[in-house]
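**Q** Provided below for reference: sequence and predicted model.
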Amino acid sequence: MPSILIQLDEPLLQSLNKVAPAAKRQRAEFIRQAVRDAVRAREYAAMREAYLRQPDSAEVADDWANAEAWEPGDARP
């Protein structure tokens, strides 16, 4: 796995150590997950923006007006 070097100011490092101590690589995993979450949030925001710029037309959109009600425990084939 490639490595990157980042610099944190002392207050940010102290805050990071409170939620993800350096021991047992918790800090590295915390940072990886934070990056994943930020990338996913940006992708979702871009998708929302695209749909706002060009929403589905009524002819193309799925018609959920006549969808069946589903109850937990219903068996589906």
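**A** Thanks, I have it.
**Q** all contacts plus neighbour counts: C-alpha atoms, from now on.
**A** Fine.
**Q** how far is stretch 1-11 from where the chain is centred?
**A** Distance of stretch 1-11 from its chain centroid, counting by Cα atoms, centre = their mean, to the nearest Å, is 22 Å.
**Q** cool, stretch 16-30 as well?
**A** Put simply, stretch 16-30 sits 20 Å off its chain's centre (Cα atoms, centre = their mean).
**Q** buried sites along that stretch?
**A** For stretch 16-30, the neighbour count (16 or more other Cα atoms under 10 Å) marks 16, 20-21, 27, 30 as buried.
**Q** swap in stretch 5-19?
**A** Buried residues in stretch 5-19, defined by neighbour count with 16+ other Cα under 10 Å: L16.
**Q** what mean pLDDT does it get?
**A** Mean per-residue pLDDT for stretch 5-19: 94.
**Q** can you show me the CA trace of it as CSV?
**A** Presented in CSV, the C-alpha positions along stretch 5-19 are these (Å, rounded to 0.1, in the frame of the first residue of the first chain):
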residue,chain,number,x,y,z
LEU,A,5,3.3,12.0,4.5
ILE,A,6,1.0,14.6,6.0
GLN,A,7,1.8,17.3,8.5
LEU,A,8,-0.6,18.2,11.3
ASP,A,9,-0.4,21.1,13.7
GLU,A,10,-0.1,20.2,17.4
PRO,A,11,-3.7,20.8,18.4
LEU,A,12,-5.0,18.7,15.5
LEU,A,13,-2.6,15.9,16.4
GLN,A,14,-3.7,15.9,20.0
SER,A,15,-7.4,15.8,18.9
LEU,A,16,-6.6,12.9,16.5
ASN,A,17,-4.8,11.0,19.3
LYS,A,18,-7.9,11.3,21.5
VAL,A,19,-10.1,9.6,19.0
